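Curious how this folds, go ahead:
(2 chains)
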Amino acid sequence: MATDTQANGPNRIISMVLVAPSLLMIALLFLYPLGFSVVSAFAESGSWGLANFYKAYQFYSRDILFTIVIVLISTALVGLFAIAIGGYLTLGENPRAVAILRWLYRWPLFIPFIVSAQLMRTFLAKNGMMNNVLIELGLLDQLQSVSFLDWRGIVVTFVWKQTPFVALLVAGAMAALDRTTIEAARNLGASRLRILIEIIIPQIATTLMVGLILTYVVIMSVLSVPLMINAQSPTMLTVDMAFRINSYGDYGVANALGIISYLITGIVAWFYLRQGLDNGGSPK
Amino acid sequence: MMTSRKNTFSLSLGISAIARVLILGLLAFVIFGPITNMLLWAVAEVWYYPHKLPLEWGFSFWERVFRPQGNAMESLITSVAIAVLTVIVSMAVAIPAGYALARGRLPWRNIILLLFLLPQAFPAVAVHMNIARIFYGLGLTGTVGGVVLVHALQGLVFAVWIATAAFSAVDPELESAARSVGASRVRAFFDITLPLALPGVLASAIFVFLISMDEFTGTYFVGAPDVVTVPMLLFTSSMEGNYQIASISSLILLVPSVLFMLVIEKFLKADVLAKVGT
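Okay, the predicted model is just below:
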């Protein structure tokens, strides 16, 4: 089969020439700056050392912790809501509610991060629509209303933006499952929640993990959301890096923070790969 | 006995119906509330605390930013120009790469495919600030060219992966048939394979276009303050507290994205989608 497809295809040398420009782009625009960041983080006046890391820890240890807490809470909430949405789309018994949910949940998917941040800047503000509706409904007193534009705002924005993406993946995987085990469990009287937890989730765990890891990396990468929602301390490492460069031109400490954020991301990738190896094969 | 059971049954049905309506209503509010709030700001003339709705409505901000020399018009032209150039650069490298990855004989093909994913696996800020530093030495910071290169890097994985999938979905028999009646390799590619792969290639071009339109981090480090795209205008006006202009620029970015959501299924057929990343 493989030889069939390739029989008339370009030979080895032509193939490599065709791929070369794109690989050159990755090398120059990604691998080179990546190497640059490592060198810059470990460099101190004339020699190598950990001074930048020490300074980064001294100034930003609180933000490192804060970043980890935010990314974990956000990713966990995205997973929870994605399973709830996917689960209802798969097991819901009211066709109209399922149809409404299917139409409703995708909207934030294609809304850019920077627009999401601006939407939440107005929605979650002290005079935002959320507080105003709660006050109108009599659930909140005008004097008690506060702005949610702090760590909660960052979490809300990331969850709002990323849940549809993971829900789309999860719902797709759930729809592809063999229905017979689900129907059998239903006939034996298992509740829908139990079917979701004991039968469906184990079968879509790989898809869920892929979605959550992508979400985790995205949250570690996006600058606009923390910058626009809450740039005051404590804030996320992305904001600290930008600040270190724009205010001090201090690439050493900024890159040390960069390496720390690679590590925070790398730990997850490592767990994922190890889990795949433990399962006796490469992760799908 | 029977009737009371029937009553509790219908009671629980009623409760679950109410719960369903409440939850869906809450979800609708959570999803559309922020969008509505932005729309209100886009048509508000005067709005301050503690008023729950704008005090004066109108389109004077629209007029101001959409004048030929208005800042929204200028940044929209910059954004579209950068996005078009980004698409040209990405497609120029992704179409040959996708064709070779789909049809060619490449050593370490899977590793090459994964290599394109790498920029997506690292926190972008840490890499982009170093790109900016390197570009500074080359005189590329604050230029459209520099911003185009950063955007092209962001879009490359989608461009290459979707192009590869699009070429994989074209039946190789058609190309060999063209070759056997005397068409040259280049002619067979441009007359047969490329037109057949075009819907997938177009989808990846639209994808890259939108990535470029929405890109913030790279533009923030490489382009600012000279290159003002729509996301940069949104950011600066929002930070200055000018929510009207921030909301109008949000709308400018929102409309193409939502349109894309509605048409993407037409472009990306299932046979291409199934081959993405393989």
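
quick one: low-confidence parts of the stretch 1-150 of chain B?
Residue ranges of the stretch 1-150 of chain B with pLDDT under 70: B:1-9, B:49-50.

Repeat that for chain A.
The model of chain A has pLDDT under 70 over residues A:1-8, A:275-284.

What ranges does it have for its helices?
For chain A, the helices defined by DSSP state H cover A:2-6, A:12-26, A:32-42, A:51-91, A:95-104, A:113-123, A:129-136, A:151-175, A:179-187, A:192-195, A:201-221, A:224-229, A:237-248, A:251-278.

Just the CA atoms from the second one would do, formatted as CSV, please.
Read that as helix A:12-26. The C-alpha trace of helix A:12-26 is given here as CSV (Å, rounded to 0.1, in the frame of the first residue of the first chain):
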residue,chain,number,x,y,z
ARG,A,12,13.8,11.1,-1.7
ILE,A,13,15.9,14.1,-2.7
ILE,A,14,13.0,16.0,-4.3
SER,A,15,10.9,15.3,-1.2
MET,A,16,13.6,16.7,1.1
VAL,A,17,14.0,19.8,-1.1
LEU,A,18,10.2,20.3,-0.9
VAL,A,19,10.2,20.0,2.9
ALA,A,20,13.3,22.0,3.5
PRO,A,21,11.8,25.6,3.4
SER,A,22,9.3,24.8,6.1
LEU,A,23,11.9,23.0,8.3
LEU,A,24,14.2,26.0,7.9
MET,A,25,11.4,28.2,9.1
ILE,A,26,11.0,26.0,12.2
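
Just the buried positions in that helix, please.
A:14-16, A:18-19, A:22-23, A:25-26 (16 or more other Cβ atoms under 10 Å in any protein chain shown). Glycine gets a C-beta too; all of them are placed from N, C-alpha and C.

now do stretch B:182-195
For stretch B:182-195, burial by neighbour count (16+ other Cβ under 10 Å) applies to B:183, B:188-189, B:192-194.

Redo those as CSV? Include distance to chain A, secondary structure and pLDDT.
Shown next, in CSV, are the buried residues of stretch B:182-195 (distance: Cβ to the nearest Cβ, whole Å; DSSP: H, G, I helix; E, B strand; the rest coil; pLDDT from 0 to 100):
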residue, distance to chain A, secondary structure, pLDDT
B:Ala183, 11, coil, 84
B:Ala188, 8, helix, 87
B:Phe189, 9, helix, 87
B:Ile192, 11, helix, 87
B:Thr193, 10, helix, 88
B:Leu194, 13, helix, 90
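
what's near enough to touch the nearest residue to B:Leu27 once chain neighbours are set aside?
Spatial nearest neighbour of B:Leu27, chain neighbours left out: A:Leu104 (6.0 Å); criterion: Cβ to Cβ, 6 or more residues apart in numbering or on different chains. Residues in contact with A:Leu104 (Cβ atoms under 8 Å, 6 or more residues apart in numbering or on different chains) are B:24, B:27-28, B:31.

Compare the residues you listed and tell me which has the most neighbours.
With neighbours taken as other Cβ atoms under 10 Å in any protein chain shown, the top of the contacts of A:Leu104 is B:Ile31, carrying 19 neighbours.

Test my guess that that one contacts A:Arg106.
No: in this structure, B:Ile31 is not within contact of A:Arg106 by Cβ atoms under 8 Å, at 9.2 Å.

Would you confirm that A:Pro234 contacts A:Asp63?
Yes: between A:Pro234 and A:Asp63 there is a contact under Cβ under 8 Å: 5.5 Å.

Specify which residue of the two has the higher count of neighbours.
Each of A:Pro234 and A:Asp63 has its neighbours counted (other Cβ under 10 Å); A:Asp63 has more, 22 against 18.

Next up, the contacts around B:Gly98.
If a contact means Cβ under 8 Å, 6+ apart, then B:Gly98 has B:159-160, B:162-167, B:201 as its contacts.
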